[in-house]
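Colleague: coords below, sequence missing:
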């Protein structure tokens, strides 16, 4: 059976379109939506800080030593340093600024999977200073973040991994966002931050600090206990961090975020750990201007993601299937006039042959009848 040429072409193109739709959806789109190698994002925060002014403390000015509700601004800069296949090395830095005060800055380096954005292990010599965030989120959420508690977060101050809790949806900048909450607490293990903190406190200042200390600490510092302390009095530090992230449910962009972080000084009195006071407490959130910028970024990225990841593969699939159906329905060519005449001629010949056979058969029957009459005996008369 002959097949139309147009049907062959339509069927071939249809199959190719279906195949390309599958490749686009499951291969090209995942590769195209990985963390770009040119990632360079700056986000502005604002809030307040509680600070221990070491100069005022040294001068014995207790009232000025602990400064509370100091207005601050925070610039966060996330940049991709390099990429290698599915792995990206990113740098996440925070610069805290307050009027007339010097505050510690922080810079952390992570190696992450470019699709899941979870931390991955890399050889130390290849990328020095990478935080051990294996399997945990660090600076961002992936595209279409899950609405459950599957994620973990790496806290660079305590260098611990903590669970991330999903707590529903909300709205920020006109976008629907998933709300995630996570907290970390423990000894300060970040070397850069420890360098910024005092290793010890002059013993003669312990009494000066009394008005700033909690009641439990004041009770621990008896005259005998203070006299037994070394000079300077060694200090250790613990940190607590509480973060609430409002993450775009489609693109994974954190449109809004609040961060509360506190570093508390401790010392040992009579072999007992005593919490002294916060030496640093920050409470800040993303500015309204940055929220609007991030919402616009999420909207643009979401539209592109919808077009490339959903609309284009769907259109290609539907068009391809329609062409395949068209090819199946139009696979046989129509009967031409010449072919119809040939078919009619064959039919007439068949009919003529049948008529001749019938006439021949009738002639034979007549001959046989006549012969039978000639050979039959004649009848006799009655007596």
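Modeller: Perfect, thanks for sending it. The shown structure was predicted, so the numbers you read here are calculated from the model rather than taken from an experiment. Residues are numbered from 1 along each chain as shown.
Colleague: Helix, strand, or coil at residue 42?
Modeller: With DSSP: H, G, I helix; E, B strand; the rest coil as the basis, the three-state label of residue 42 is strand.
Colleague: Please apply the same query to residue 289.
Modeller: Relying on three-state DSSP, one would call residue 289 helix.
Colleague: State the pLDDT value of it.
Modeller: In this prediction, residue 289 carries a pLDDT score of 97.
Colleague: Could you count how many residues lie near it?
Modeller: When neighbours are counted by other CB atoms under 10 Å, residue 289 registers 10. Any C-beta I mention is one placed from the backbone N, CA and C, and that applies to glycine too.
Colleague: OK, contacts around the residue nearest the centre of the chain?
Modeller: The centre of the chain sits closest to residue 142, judged by CA atoms, centre = their mean, with a distance of 1.9 Å. Counting by CB atoms under 8 Å, 6 or more residues apart in numbering, residue 142 makes contact with 115-117, 252.
Colleague: Now list the buried members of the residues you listed.
Modeller: Neighbour-count burial within those applies to 116-117, 252; the criterion is 16 or more other CB atoms under 10 Å.
Colleague: Of the contacts of residue 142, just say which sits nearest to residue 55.
Modeller: Among the contacts of residue 142, residue 117 lies closest to residue 55 (CB to CB), at 41.7 Å.
Colleague: and the protein, what are its domains?
Modeller: Annotated domains of the chain cover 1-32+300-335, 33-286 [automatic domain parsing].
Colleague: Grab the longest strand from the chain for me.
Modeller: Longest among the strand segments of the chain by residue count, using DSSP state E, is strand 66-84.
Colleague: burial of residue 177, as a residue count?
Modeller: Residues lying near residue 177 (other CB under 10 Å) number 24.
Colleague: gap between it and residue 200?
Modeller: 45 Å (CB to CB, to the nearest Å).
Colleague: Residue 308 now?
Modeller: For residue 308, the distance to residue 200 (CB to CB) stands at 58 Å.
Colleague: before we move on, what about residue 245?
Modeller: Distance, residue 245 to residue 200, by CB to CB: 37 Å.
Colleague: Straight-line length of stretch 98-110, end to end?
Modeller: Using CA to CA, to the nearest Å, the span of stretch 98-110 from its first residue to its last is 27 Å.
Colleague: Quick one: mean pLDDT for that stretch?
Modeller: Average pLDDT, stretch 98-110: 85.
Colleague: and it, how far out from the chain's middle?
Modeller: The chain centre lies 29 Å from the centre of stretch 98-110; the measure is CA atoms, centre = their mean, to the nearest Å.
Colleague: Go through that stretch and flag the buried ones.
Modeller: Counting neighbours by 16+ other CB under 10 Å, one finds that the buried residues in stretch 98-110 are 98, 103, 106, 108-110.
Colleague: Relative to residue 31, which of those is nearest.
Modeller: Using CB to CB, the shortest approach to residue 31 within the buried residues of stretch 98-110 belongs to residue 110, at 21.2 Å.
Colleague: from what I can see that closest one touches residue 93, true?
Modeller: No. The criterion here is CB atoms under 8 Å, and residue 110 misses it with residue 93 at 11.6 Å.
Colleague: circling back: and residue 308 and residue 200? Which one has more around it.
Modeller: Comparing residue 308 with residue 200 by other CB under 10 Å, the one with more neighbours is residue 308, at 16 against 12.
Colleague: Spell out the residue ranges of the helices in the stretch 51-200 of the chain.
Modeller: Secondary structure of the stretch 51-200 of the chain (DSSP state H, counting those that start in this stretch): helices at 54-58, 62-65, 191-196.
Colleague: same thing with the stretch 201-350 of the chain?
Modeller: 215-220, 223-227, 288-306, 312-329, 337-375.
Colleague: Out of the helices and strands in the chain, which is least certain?
Modeller: helix 337-375 (a mean of 49; mean pLDDT, DSSP states H and E).
Colleague: Centre of the chain to stretch 209-222, how far?
Modeller: The answer for stretch 209-222 is 48 Å, by CA atoms, centre = their mean.
Colleague: Now do the strands in the stretch 101-250 of the chain.
Modeller: 106-113, 152-155, 160-163, 165-172, 175-187, 200-201, 233-234, 236-248 (DSSP state E, counting those that start in this stretch).
Colleague: Give the partner strands of the last one in its sheet and their orientations.
Modeller: By that I understand strand 236-248. Here strand 236-248 is paired, per DSSP bridges, with strand 175-187 (antiparallel), strand 254-269 (antiparallel).
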